[in-house]
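In: got a predicted model here, sequence first, then my questions.
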Amino acid sequence: MPKLKTRKAAAKRFKATCNGKIKRRKAFKNHILEPKSPERKRRLSHLTLVNERDAHNVRLMLPYL
């Protein structure tokens with residue numbers, strides 16, 4: 001059986017928690033930050049979990065996660 005290739009773009013964006021769930025960054029914190037309130041920017045800084053419906057697709061991209 002050949003080795004499976006990891007999607008490198010996904011490997012840079014997702015990490016696994018110790019319980020096997022997948023962490024991700026939140027969107028909308030890269031540019032155009034001035035109109036956003038400090039509270040909103042602070043909320044967007046936190047990590048969150050990938051939705052369970054999307055987790056299956058992420059696991060296919062990261063076979064050794």
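Out: The structure has been received and is ready for your questions.
In: from now on I want contacts and neighbour counts done on CA atoms only, so please keep to that.
Out: Will do.
In: in the chain, which residue is most central in space?
Out: residue 24 (2.3 Å; Cα atoms, centre = their mean).
In: do I have it right that that residue meets residue 45?
Out: No - at 10.8 Å, residue 24 and residue 45 do not qualify as touching, with contact defined as Cα atoms under 8 Å.
In: end-to-end on stretch 2-14?
Out: 24 Å (Cα to Cα, to the nearest Å).
In: quick one on the thing from earlier: list the contacts of the residue nearest to the centre of the chain.
Out: 13, 14, 15, 47, 48, 49, 50 (Cα atoms under 8 Å, 6 or more residues apart in numbering).
In: now residue 48
Out: Contacts of residue 48 (Cα under 8 Å, 6+ apart): 23, 24, 25, 26.
In: write the PyMOL selection for whichever of the residues you listed are buried.
Out: To isolate the buried ones among those in PyMOL, judged by 16 or more other Cα atoms under 10 Å, type:
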select buried, resi 23+24+25
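In: any idea how far residue 6 is from residue 59?
Out: According to Cα to Cα, residue 6 and residue 59 sit 10 Å apart.
In: may I have the secondary structure class of residue 10?
Out: helix (DSSP: H, G, I helix; E, B strand; the rest coil).
In: wait, it sits on residue 61?
Out: Yes - using Cα under 8 Å, residue 10 is in contact with residue 61, at 6.7 Å.
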